[in-house]
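# Curious how this folds, go ahead:
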Amino acid sequence: PSASFPLSATDFYQVLDTSDVPGGVLNIVTGDQDDLAKVLANHDDVDGIWYFGSQAGSQMVEHDSAENMKRTWVSHGKYRDWANPAHGVGEVFLRMATQVKNIWVPYGE
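Numbers count the residues shown, from 1 in each chain. All right, here's what the predicted structure looks like:
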C-alpha cells in the first residue's frame, strides 16, 4: 500500500475478507518498502514481486529473487504515475500481471 495512505488498502482487505475470495489469494503487507522488498525477494514461498522504487532497491530485488527463480518487475528508479493510463495499464502491465500456461492433452487416433 501507499506509505502516505495505507488505510485504503487495509480497508480493502476487510472487503475481501468478507467476500468469497479464498484466503491467500491476495496478501497485503504494510511496512517500509525496501525492508519488505528484501524479505519478500528472499522468501521461497513468494512466486513474484513487483518493485517500483529506487534503482538500488530494484537491483537488490532482482539479485535476491534470482536464487529461487522469482518473477520480477522493477522500475530501476524510474517514476511510474499509476493515475496516467500510459503508465498504469496496457499490454506490458497485462503481460507482467498474468502467466500463460499451455496444457497438452494427448489422445488416441
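
# If you average pLDDT per helix and strand, which one of this structure comes out bottom?
helix 85-88 (a mean of 73; mean pLDDT, DSSP states H and E).

# So what touches it?
80-82 (C-beta atoms under 8 Å, 6 or more residues apart in numbering). (Glycine included, C-beta is placed from N, CA and C.)

# what do you get for stretch 34-42?
29, 46, 49, 51, 53-54, 57, 60-61, 64-65, 67, 70, 72.

# Output it in PDB with nothing but the alpha carbons.
The C-alpha coordinates for stretch 34-42 follow below in PDB (Å, rounded to 0.1, in the frame of the first residue of the first chain):
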ATOM      1  CA  ASP A  34      12.900  -1.500   1.000                       C
ATOM      2  CA  ASP A  35      12.800  -3.700   4.100                       C
ATOM      3  CA  LEU A  36       9.700  -5.600   2.900                       C
ATOM      4  CA  ALA A  37      11.100  -5.900  -0.600                       C
ATOM      5  CA  LYS A  38      14.300  -7.600   0.700                       C
ATOM      6  CA  VAL A  39      12.300 -10.100   2.800                       C
ATOM      7  CA  LEU A  40       9.800 -10.900   0.000                       C
ATOM      8  CA  ALA A  41      12.600 -11.300  -2.600                       C
ATOM      9  CA  ASN A  42      14.300 -13.800  -0.300                       C
END
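
# Buried residues in that stretch, which are they?
Under the neighbour-count criterion of 16 or more other C-beta atoms under 10 Å, stretch 34-42 has 37, 40-41 buried.

# May I see those organised as a markdown table, with pLDDT, secondary structure and distance to residue 4 added?
Listed next are these as a markdown table, based on pLDDT from 0 to 100; DSSP: H, G, I helix; E, B strand; the rest coil; distance: C-beta to C-beta, whole Å:
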| residue | pLDDT | secondary structure | distance to residue 4 |
| --- | --- | --- | --- |
| 37 | 93 | helix | 18 |
| 40 | 93 | helix | 21 |
| 41 | 95 | helix | 23 |
